[in-house]
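Trainee: Provided below for reference: sequence and predicted model.
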Amino acid sequence: MALEHDLEIDGDLLKDFLEDFVEKQRELEGDLTHLEADPDDKELLANIFRAVHTIKGNACFCKMDPVSQFAHSLEELLQVLRSGKMSFTPQLGEVVLLSMDRLNTIVECFVAGEPQDIEGNRKIEESLTDICGVQGGEQYAAIQYSLCLLSESFDDLGSDFDLSAESGEADSAASCGMEGDLDYFYLLMKQCEQRSLFWQGRGERTLALAMEMNALAGTPVEPYKLTAAIYLHDFAMGLLPEFIISKNERLNEDELAQLRNHPVVAAQLAERLPGWESVSEMILQHHERIDGNGYPKKLKGDAICEGAQLISVVDAYISLTRPRADRLHKRSVMRAILELNNNKATQFSERWVRVLNTVIKQHYLNPS
């Protein structure tokens with residue numbers, strides 16, 4: 001958050017609030033990440049409650065009424081969790097994270113002197129209170145309603161894709177004799193993943209999501225070719241120097257140039273093998289952007305092949321929801337989805353972002 005605003009009233013005090021707010025938000029996100037792995041950890045819940053309680057108290061002291069009022073609603077939800085009257089779930093974790101995002105927006109509006117979304121904030125505050133007052137199926141519905149309010153840019157899409165396309169027989173025939181290549185590509189991927197703790201298992205996660213999205217969209221990309229492209233698309237990342245792979249700071253221009261050459265190296269490998277030409281194209285283009293600001297060739301829009309557009313969306317989602325060397329705390333599912341939706345039609349294919357929305361809804365937002 002920028003701190004360069006011209007603070008007219010109690011400027012030093014407000015600056016202190018902002019700095020402490022950023023610190024508490026960072027601590028809270030870290031504690032939520034650990035709580036997801038151990039939902040019964042009472043100390044983590046207590047830490048999260050105290051962080052929000054401190055933010056509320058500081059906001060009251062600074063007479064930031066919209067901030068303290070919203071923080072109070074979140075604090076009440078956390079108190080119910082802390083008391084054991086309600087169990088922590090990943091979806092409630094999403095509610096807390098997105099509520100902190102909303103709180104951040106409220107703070108920014110206050111500091112900048114911009115009008116608050118009073119009605120929107122009120123609805124979210126009421127939804128947080130409602131979660132505390134119901135149980136069972138009603139509680140699930142209340143959580144979903146709160147998530148919808150907090151995620152207003154998350155498109156309410158249904159499954160409007162043609163699932164009737166059946167390419168299984170054609171795919172089997174086309175891939176006949178290429179199983180050995182796929183096995184080899186898989187080994188290359190697994191060797192690459194050994195270069196970093198943060199990469200391990202990434203390939204399987206990427207492949208599973210890409211295959212589901214491809215099937216939902218009517219299988220526009222031949223599955224065996226999509227499999228090969230995912231196995232190889234980041235293979236050349238494993239050839240980078242260790243200091244680039246493990247660097248947790250911004251890369252300089254020379255380091256960026258080496259990093260951005262990885263699609264070229266991997267694509268050249270696939271290009272030299274008979275039958276994998278279209279796979280080479282997917283690999284080469286998976287970091288291109290719809291607006292033409294990607295790499296390595298700055299292709300734009302439909303000049304980027306379908307498979308590359310799909311891999312770009314999946315790759316970004318997996319990256320956002322997993323820790324990295326330069327970002328130890330992963331994004332939440334909903335925050336990752338919001339980020340991708342905010343960049344559709346510029347960085348990402350609008351169509352493939354819609355498909356991802358639908359897949360995430362089916363798996364994450366629907367009760368088991």
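Mentor: Yep, it's here.

Trainee: check contacts around residue 151.
Mentor: Residue 151 sits next to 98, 334, 337-338 when contact means CB atoms under 8 Å, 6 or more residues apart in numbering. In short, each C-beta sits where N, CA and C put it, glycine included.

Trainee: Identify the farthest-apart pair in the residues you listed.
Mentor: Farthest pair in these (CB to CB) is 98 and 337. Separation: 10.5 Å.

Trainee: The two - which one has more neighbours?
Mentor: Neighbour comparison, residue 98 and residue 337: the larger count goes to residue 337, with 25 against 21 (by other CB atoms under 10 Å).

Trainee: Can you tell me the SS state at the more buried one?
Mentor: helix (DSSP: H, G, I helix; E, B strand; the rest coil).

Trainee: Residue 51 and residue 30 touch, don't they?
Mentor: No. Look at residue 51 against residue 30 with CB atoms under 8 Å: they stay out of range, at 10.2 Å.

Trainee: Any stretches of the stretch 51-200 of the chain with poor pLDDT?
Mentor: 136-137, 140, 152-179 (pLDDT under 70).

Trainee: Give me the lowest-pLDDT entry from the contacts of residue 151.
Mentor: Ranked by pLDDT, these bottom out at residue 334 (79).

Trainee: Can you report how many residues neighbour it?
Mentor: With other CB under 10 Å as criterion, residue 334 counts 22.

Trainee: which one is it nearest to, not counting chain neighbours?
Mentor: Closest residue in space to residue 334, ignoring its immediate chain neighbours: residue 94 at 4.6 Å, by CB to CB, 6 or more residues apart in numbering.

Trainee: In contact with the one you found, which residues?
Mentor: 147, 332-335.

Trainee: JSON lines for those, including distance to residue 290 and secondary structure?
Mentor: Formatted as JSON lines, those follow (distance: CB to CB, whole Å; DSSP: H, G, I helix; E, B strand; the rest coil):
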{"residue": "147", "distance to residue 290": "27", "secondary structure": "helix"}
{"residue": "332", "distance to residue 290": "25", "secondary structure": "coil"}
{"residue": "333", "distance to residue 290": "23", "secondary structure": "helix"}
{"residue": "334", "distance to residue 290": "23", "secondary structure": "helix"}
{"residue": "335", "distance to residue 290": "21", "secondary structure": "helix"}
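
Trainee: Closest to residue 249 out of those residues?
Mentor: residue 335 (22.8 Å).

Trainee: I'd say the closest one and residue 97 touch.
Mentor: Yes. The criterion here is CB under 8 Å, and residue 335 meets it with residue 97 at 6.1 Å.

Trainee: Of residue 51 and residue 30, which one has the most company?
Mentor: In this view residue 51 and residue 30 are compared by other CB under 10 Å, and residue 51 has more residues nearby, 24 against 15.

Trainee: now the helices: where do they sit in the stretch 101-250 of the chain?
Mentor: 118-132, 136-150, 168-175, 179-193, 202-216, 223-232, 242-245 (DSSP state H, counting those that start in this stretch).

Trainee: Run through the neighbouring helices and strands of the last one.
Mentor: Yep, that's helix 242-245 we're talking about. Applying 3 or more CB pairs under 8 Å, 6 or more residues apart in numbering; DSSP states H and E, one finds that helix 242-245 makes contact with helix 253-259.

Trainee: Please name every helix or strand in contact with whichever helix or strand comes after the helix it packs on.
Mentor: Note on helix 253-259: by DSSP states H and E, the next helix or strand toward the C-terminus is helix 262-271. Using 3+ CB pairs under 8 Å, 6+ apart as the contact test, the elements touching helix 262-271 are helix 223-232, helix 277-285.

Trainee: same thing but at 6 Å, please
Mentor: With contacts taken as 3 or more CB pairs under 6 Å, 6 or more residues apart in numbering; DSSP states H and E, helix 262-271 sits against helix 277-285.

Trainee: and the longest helix anywhere in the chain, how far out from the chain's middle?
Mentor: Ranked by residue count under DSSP state H, the longest helix found in the chain is helix 11-37. Centroid separation for helix 11-37 versus its chain: 20 Å, with CA atoms, centre = their mean, to the nearest Å.

Trainee: buried set for that helix?
Mentor: 14, 17-18, 21, 24-25, 28-29, 31-33, 35 (16 or more other CB atoms under 10 Å).

Trainee: From residue 222, how far off is residue 99?
Mentor: If you measure residue 99 against residue 222 using CB to CB, to the nearest Å, the figure is 43 Å.

Trainee: Compare neighbour counts for the two and give me the winner.
Mentor: residue 99 (24 against 19).

Trainee: and the more buried one, that one's in a strand?
Mentor: No. Counting by three-state DSSP, residue 99 is located in no strand; its state is helix.

Trainee: Residue 309 touches residue 349, doesn't it?
Mentor: Yes. Assessed by CB atoms under 6 Å, residue 309 is found in contact with residue 349 at 3.9 Å.
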